[in-house]
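[1] model the structure of this input:
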Amino acid sequence: MRALQESGIRTEEAEGIPCLADLGLLHPDVEDPLRLCPVAPSVALPQLLHRVEEHVAQQRLRGARMAVAFESLMPLTHMEGSASPSSSMTILDGIPQIESAIDRAAARSSKELLIIQPGGKRPTAKLPGSLPIPQGILDRGGRMRTLYQHTTRYFPPALAHYEQLNGDVEVRTLDELPKRLLLFDRSYAFIPASQTRDDLALELRQPAIINYLVAIFEILWRLGTPMFPTAEPLPTTNGITPRQQAIAALLTEGLTDADIAARLGMNVRTARVHIAKLSAVLNSTSRAQLGYLIGKSGILDRASG
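    Next comes the predicted model:
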């Protein structure tokens, strides 16, 4: 204050307050080196603001570097439950969290439940585990459509599960399906969040993502073969069943027996039985010859048609 009132102060008087010089509020008098003069406010203020901006930029850079350094120590599983209720995505870690979230979505839903359930002999469709009978949605006038793989057609308990339901229920099957999916009222979606863990899922509420998933479901649904309530037989072409046609297509891709079984939701032994039948029908004596004969026979053309 004295520096402003008297247009300066002695150097020794400012020694106890070094911040005045450090902040650029005082500078040496050109005519008297033992005297300090105040810096004009029009000069001092921009200098101070520049210092603040530099400090903020340095802290942001430091934060970014720390985020990169700790990224590998913060996997997706550590973020579960971190989303706010208004967030478009929630990470669900563990079966209890998944079951609770699905139950809440089911309780809020009254129009539609869409399910994609890949794999073999699994009659229901939770992520993971089994979905409680969705009778509440059906009682509220909703409909339920489920997509399974063809292997489910040979598993009677699957049909028994749906025969217990009262309402608008339909089931269709396909050779191959993507990962599990639950869609409630086209407002809530549940998908797996890990390739290796069955107890990690994502709850999605983002309309654009939901609409995209619904579109995928509808495409697959149109391609599916009805299984319930009225089952249509899977067509056979010149002694080649649809399962064998699907296996033939995967054989031409060079997949192993284990990979084929996993893709089509069957065990390896069953896949090998069908491969052997294909070989017998096409008179193949080796795996390499079988691939050649599949392409030459037109099986794949008939399957796609």
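
[2] tell me who's in contact with the residue most central in space within the chain.
    Central residue of the chain (CA atoms, centre = their mean): residue 193, 5.1 Å from the mean position. Contacts of residue 193 were listed using CB atoms under 8 Å, 6 or more residues apart in numbering, and they are 76, 91, 92, 200, 201, 202. (Glycine included, C-beta is placed from N, CA and C.)

[3] in helices, which of the residues you listed fall?
    Taking DSSP state H, every one of the contacts of residue 193 sits outside helices.

[4] and the residues you listed, which is closest to residue 159?
    Within the contacts of residue 193, the smallest distance to residue 159 is 26.7 Å, found for residue 201 (CB to CB).

[5] how much space between the closest one and residue 180?
    According to CB to CB, to the nearest Å, residue 201 and residue 180 sit 9 Å apart.

[6] and residue 142, by the same measure?
    Distance, residue 142 to residue 180, using CB to CB: 20 Å.

[7] now do the contacts for residue 251.
    260, 275, 278, 287, 290, 291, 294 are the contacts of residue 251 under CB under 8 Å, 6+ apart.

[8] tell me the mean pLDDT over whichever helix or strand residue 56 is part of?
    Remark: residue 56 resides in helix 41-70, with elements defined by DSSP states H and E. Averaged over helix 41-70, pLDDT sits at 73.

[9] so what's the gap between it and the chain middle?
    Offset of helix 41-70 from its chain centre (CA atoms, centre = their mean, to the nearest Å): 37 Å.

[10] where in the chain is pLDDT low?
    Residues of the chain meeting the criterion pLDDT under 70: 1-25, 27-34, 41-45, 67-87, 120-133, 234-239, 301-305.

[11] repeat that with 80
    By pLDDT under 80, the low-scoring segments of the chain are 1-55, 57, 60-87, 119-134, 151, 153-161, 231-243, 265-266, 288, 291-305.

[12] in it, which spans are strands?
    9-10, 26-28, 35-38, 89-93, 112-117, 143-149, 168-174, 181-184, 188-192, 200-204, 225-228 (DSSP state E).

[13] just put the ones you listed in TSV and tack on mean neighbour count and distance to residue 48.
    Formatted as TSV, these follow (neighbours: other CB atoms under 10 Å; distance: least, CB to CB, whole Å):
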stretch	mean neighbour count	distance to residue 48
strand 9-10	16	20
strand 26-28	17	13
strand 35-38	19	14
strand 89-93	19	42
strand 112-117	22	60
strand 143-149	22	65
strand 168-174	19	68
strand 181-184	24	56
strand 188-192	20	52
strand 200-204	23	47
strand 225-228	18	74
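
[14] export those to a markdown table and tack on distance to residue 246?
    Converted to a markdown table, the strands of the chain look like this (distance: least, CB to CB, whole Å):
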| stretch | distance to residue 246 |
| --- | --- |
| strand 9-10 | 91 |
| strand 26-28 | 84 |
| strand 35-38 | 86 |
| strand 89-93 | 32 |
| strand 112-117 | 17 |
| strand 143-149 | 10 |
| strand 168-174 | 9 |
| strand 181-184 | 21 |
| strand 188-192 | 23 |
| strand 200-204 | 28 |
| strand 225-228 | 12 |
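
[15] of all those, which one is nearest residue 243?
    strand 143-149 (9.8 Å).

[16] tell me how far the closest one is from the chain's mean position?
    Per CA atoms, centre = their mean, the centroid offset for strand 143-149 relative to its chain is 20 Å.

[17] what strands line up against that strand, and which way round?
    strand 112-117 (parallel), strand 168-174 (parallel) (DSSP bridges).

[18] reformat those strands as CSV; add distance to residue 247.
    Output for the strands paired with strand 143-149, formatted as CSV (distance: least, CB to CB, whole Å):
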stretch, distance to residue 247
strand 112-117, 21
strand 168-174, 14
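
[19] which one of these lies nearest to residue 266?
    By CB to CB (comparing all of the strands paired with strand 143-149), the closest turns out to be strand 168-174, at 12.8 Å.

[20] ranges for the helices of the protein?
    Taking DSSP H, the helices of the chain run over residues 2-5, 11-14, 19-22, 41-70, 95-108, 135-139, 156-163, 207-223, 242-252, 257-264, 268-282, 287-297, 299-304.

[21] closest one of the contacts of residue 193 to residue 229?
    Comparing these against residue 229 with CB to CB places residue 201 closest, at 29.5 Å.

[22] quick one, what contacts the closest one?
    Counting by CB under 8 Å, 6+ apart, the residues that residue 201 touches are 91, 92, 98, 101, 127, 190, 191, 192, 193.

[23] tell me what the first one is bridged to.
    Per DSSP bridges, residues listed as beta-bridge partners of residue 91: residue 202.
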